[in-house]
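Student: following is a predicted model, sequence given first.
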Amino acid sequence: MACAASTEPAAPFDLDAPWQLDAQVRVRPEAFGALLYHFGTRRLSFLKSPALLAVVRSLATQASARAACTAAGVPPGELPHYARALQTLAASQMIRQREAA
Amino acid sequence: MSAEPLPLTEQFQQGLAAPICLTWELTYACNLSCVHCLSSSGRRDPQELTTAECRAVIDELQRMQVFYVNIGGGEPTVRPDFWELVDYATGHDVGVKFSTNGVKITSDVARRLAGRDYVDVQISLDGATPEVNDAVRGPGSYELALRAMRNLAAAGFAGFKISVVMTRHNVGQLEKFKAIADRFGAQLRITRLRPSGRGADVWDELHLRPGQQRELYDWLVAHGADVLTGDSFFHLSGYGGALPGLNLCGAGRVVCLIDPVGDVYACPFAIHPSFLAGNVRDPGGFAGVWRRSELFARLRRPQAGGACESCPAFGSCRGGCMAAKFFTGLPLDGPDPECVKGHGERSLAAAAAAPRPSPDHSHRTASHRAGERRPVPLTLLARPPVTACNANPLAGFAPGALSPP
């Protein structure tokens, strides 16, 4: 966490924006969640829960990150945790904002 | 929402669907004969995987989503199909980092490499001065490595790796190594000397003394963010806080080795029949070995800490390196030979005869064949040899573990 946190910009994650996985990222599901690899930065990240994997996978087809969380059954009280995880993914270029449809 | 998930390291200990990081020694052939070569390389094995077989392995890795491989040897670039295989891998979603002594990294090759995505290069260097390096890697090997670095830097290849195996003769040169890396815009990577391969013959003379281990630990704590270690020093975490990385033995769980003839071993430091899980030529291929090998199944079950379990440091060092214990004749459920609490030294005094590393592909003419215990030459060797055989699991890999709560 520490290494990821150091690259985090101060701005909070925009849950209401539309997001998607970077085109250079591949996802490998694992029992604990998933492993993400970015071929451009050669960085690896681990998603430590199947729910977070479901969120990440549906980003591209949901209107916003918040909608992706809702669709994955994330309770409202846990949204800040997910926003933080998504912010870390954004800071390491694993996910990026897309143009709204 | 759900119970607290197991820590990632616990999950990893149970094994993953595919390796995170796979080392693939493409050939046992090498132009050098480093005294500590993990794979006892030198001569090409006539049973080496063919180009077509290598491609089939890459196809499997793509299907299993093994995102990158660490290619080593031997000296992998002496395979005539080396560049073809690199292209094939990167064209199939398998990134490549290859270890080399630099022999083929001419300015032309460096320019081609600089233009590639998904290929990373790691130059082996075991001394920051020719005297210290060449005593281990052979005469001329320092200049060979430096020439490769100059070529890569001149071609604009930023961030290539300089890989150093720590010995008692070069641990005092850490700042010099860092300066070399900075001069070429490269990244320093330091790894642990293992008593594997020909390393078994020189381990007593080359491995770090206890005071040096402490110096290294302190240096890593101070420079950890800039220096890669392939997670190889987790046995030092008994000194205090854990070092960056996973701090676990990934053998057969998140890491493994494919050797030049297709044999699959639990890790790059464990080339011995006791750690042989199968062969990629078996009917189930590499995936079959990874998923169904009895050896790997055993490694993925909870491991007994044995004599270490009552030690307060066990939670962080986990008893250290399986291969280091095995090749020094220590029980696998006891302390690492370099245990920072000194338990390893006491165990070594009582240890059984250490198993011989095998197989051995050393040059027949080399002055230091595996099995012949002899002092490390402190003057220049009379023989050619050198190698890039310091392959490593979890190399270059800075995990950012993401969890919601």
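Tutor: Great, that's in hand. Numbering: from 1, shown residues only, chains lettered A, B, ... in the order given.

Student: residue of the stretch 101-250 of chain B with the smallest distance to chain A?
Tutor: Residue nearest to chain A within the stretch 101-250 of chain B: B:Tyr118 (5.8 Å; C-beta to the nearest C-beta). For glycine as for every other residue, the C-beta is placed from the backbone atoms N, C-alpha and C.

Student: and that residue, how many residues sit next to it?
Tutor: Residues lying near B:Tyr118 (other C-beta atoms under 10 Å in any protein chain shown) number 19.

Student: mind listing what it touches?
Tutor: A:39, B:68, B:90, B:95-96 (C-beta atoms under 8 Å, 6 or more residues apart in numbering or on different chains).

Student: next: A:His38.
Tutor: A:22, A:24-25, A:44-45, A:92-94.

Student: which non-adjacent residue is nearest it?
Tutor: Nearest non-adjacent residue to A:His38, counting by C-beta to C-beta, 6 or more residues apart in numbering or on different chains: A:Val25, 5.1 Å away.

Student: A:Ala90 is in contact with that neighbour, correct?
Tutor: No. Counting by C-beta atoms under 8 Å, A:Val25 does not reach A:Ala90; the two are 11.8 Å apart.

Student: buried among the contacts of A:His38? Need that as a selection in ChimeraX.
Tutor: Command for ChimeraX that selects the buried part of the contacts of A:His38, burial taken from 16 or more other C-beta atoms under 10 Å in any protein chain shown:
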select /A:22,25,44,45,92,94
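
Student: re the thing from before, what's the farthest-apart pair in the contacts of B:Tyr118?
Tutor: A:Phe39 and B:Val96 (11.2 Å; C-beta to C-beta).

Student: what parts of chain A come near chain B?
Tutor: Neighbours of chain B within chain A, by C-beta under 8 Å from any C-beta of the partner chain: A:1, A:3-4, A:26, A:28-33, A:35, A:37, A:39-40, A:42-49, A:51-52, A:73-75, A:78, A:81-82, A:84-85, A:88-89, A:92.

Student: rerun at 6 Å
Tutor: A:3-4, A:28, A:30, A:32, A:37, A:39, A:44-49, A:52, A:81-82, A:85, A:88 (C-beta under 6 Å from any C-beta of the partner chain).

Student: grab the longest helix from chain A for me.
Tutor: helix A:79-91 (DSSP state H).

Student: so how far is it off the chain centroid?
Tutor: The chain centroid and the centroid of helix A:79-91 are separated by 6 Å under C-alpha atoms, centre = their mean, to the nearest Å.

Student: and the next helix or strand past that helix?
Tutor: As assigned by DSSP states H and E, the chain's next helix or strand after helix A:79-91 is strand A:95-97.

Student: which residues does that following strand contact?
Tutor: Contacts to strand A:95-97, defined as C-beta atoms under 6 Å, 6 or more residues apart in numbering or on different chains, come from residues A:17, A:19, A:21-22, A:89.

Student: mind checking how far the residue sitting nearest the centre point of chain A is from A:Pro80?
Tutor: For chain A, A:Leu86 is the residue whose C-alpha lies nearest the centre (C-alpha atoms, centre = their mean; 3.7 Å). Counting by C-beta to C-beta, to the nearest Å, the separation of A:Leu86 from A:Pro80 is 11 Å.

Student: and for B:Tyr142?
Tutor: Using C-beta to C-beta, we find B:Tyr142 at a distance of 54 Å from A:Pro80.

Student: out of those two, which sits in the more crowded spot?
Tutor: More crowded of B:Tyr142 and A:Pro80, by other C-beta under 10 Å: B:Tyr142, with 22 against 14.

Student: show me what contacts the residue nearest to B:Glu60 when sequence neighbours are not counted?
Tutor: Distances taken as C-beta to C-beta, 6+ apart place B:Phe286 nearest to B:Glu60, at 5.0 Å, with adjacent residues excluded. With contacts defined as C-beta under 6 Å, 6+ apart, the neighbours of B:Phe286 are B:57, B:60, B:280.

Student: what's the closest non-adjacent residue to the last one?
Tutor: If I follow you right, that is B:Val280. Nearest non-adjacent residue to B:Val280 (C-beta to C-beta, 6+ apart): B:Gly262, at 4.1 Å.

Student: burial count for residue 60?
Tutor: All of this is about chain A. Neighbour tally, A:Ala60, other C-beta under 10 Å: 13.

Student: sorry, I should have been clearer: chain B.
Tutor: The burial count for B:Glu60: 18, using other C-beta under 10 Å.

Student: model confidence score at it, please.
Tutor: With respect to pLDDT, B:Glu60 scores 98.

Student: so it touches B:Gly285, yeah?
Tutor: Yes. The pair B:Glu60 / B:Gly285 is scored as a contact, 5.4 Å apart, by C-beta atoms under 6 Å.

Student: checking B:Gly278 next. Helix, strand or coil?
Tutor: Under DSSP: H, G, I helix; E, B strand; the rest coil, B:Gly278 falls in the strand class.

Student: who touches it in this structure?
Tutor: B:264, B:289, B:293.

Student: the first one belongs to a strand?
Tutor: Yes. If the criterion is three-state DSSP, then B:Val264 is within a strand.

Student: and the helices in the chain, which stretches?
Tutor: Picking chain A for this. Going by DSSP H, chain A shows helices at A:2-5, A:50-58, A:65-71, A:79-91.

Student: can you look at chain B instead?
Tutor: Under DSSP H, chain B gives helices at B:8-13, B:51-64, B:82-90, B:107-114, B:130-137, B:141-154, B:174-183, B:199-206, B:210-223, B:285-292, B:294-300, B:314-317, B:322-326, B:343-349.
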